[in-house]
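J.: need a structure here:
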Amino acid sequence: MAFKLGNKPLPGIAHSGNIKKKHQFKVEHKKLDDGILGEAVSADKVVVDKNVPKDSKLYKEVVAHEGHHAKEMKQGKIAYGDDWVRDGNKTYHRKDGKIKYNGKWHEEGSNVFPWEKRAVKAEKKA
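T.: This is a model prediction of the structure:
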């Protein structure tokens, strides 16, 4: 899932353990779309926007948040496709940057989703 900035409080950036330890995933740096600070691309790769300073607290939070998603992908807890998101044994429709959850469409990265709540919790440990 992408980590986005908006006019609301940051949706949280999860951490998979202490950022100073060697990661279980590769961290790449590249230009991401406006408002997106990071993405968990797969269980083995996280991307952080190149404009996030590597020595900043924000960088640690982004890596922790997206790293948590990568960890859950590796464990089979979550999965993503172009038009769906699976969390546990439930699959949710995904379209145009939104996910249908409990009958309502929400922006990707919203704290309403259980996988984002877990990632936010993990990010606070960064």
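J.: Follow the chain on from the helix-or-strand element of the chain with minimal mean pLDDT and name the next helix or strand.
T.: Here the helix or strand of the chain ranked lowest by mean pLDDT, DSSP states H and E is strand 2-4, holding a mean of 61. Downstream of strand 2-4, the first helix or strand assigned by DSSP states H and E is strand 26-30.
J.: So which other helices or strands are in contact with the helix or strand just after that next one?
T.: Next helix or strand after strand 26-30 toward the C-terminus (DSSP H and E): strand 36-42. Where contact means 3 or more Cβ pairs under 8 Å, 6 or more residues apart in numbering; DSSP states H and E, strand 36-42 is packed against strand 2-4, strand 45-49, helix 57-75. Every C-beta, even on glycine, is put in place using the N, C-alpha and C of the backbone.
J.: How about exporting strand 36-42 as PDB, limited to the C-alpha atoms?
T.: This file holds the C-alpha atoms of strand 36-42, laid out as PDB (Å, rounded to 0.1, in the frame of the first residue of the first chain):
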ATOM      1  CA  ILE A  36       3.200   9.400  -1.600                       C
ATOM      2  CA  LEU A  37       6.200   8.900   0.600                       C
ATOM      3  CA  GLY A  38       6.600   5.100   0.400                       C
ATOM      4  CA  GLU A  39       5.200   1.900  -1.000                       C
ATOM      5  CA  ALA A  40       5.500  -1.800  -0.100                       C
ATOM      6  CA  VAL A  41       6.000  -3.200  -3.500                       C
ATOM      7  CA  SER A  42       6.400  -6.800  -2.400                       C
END
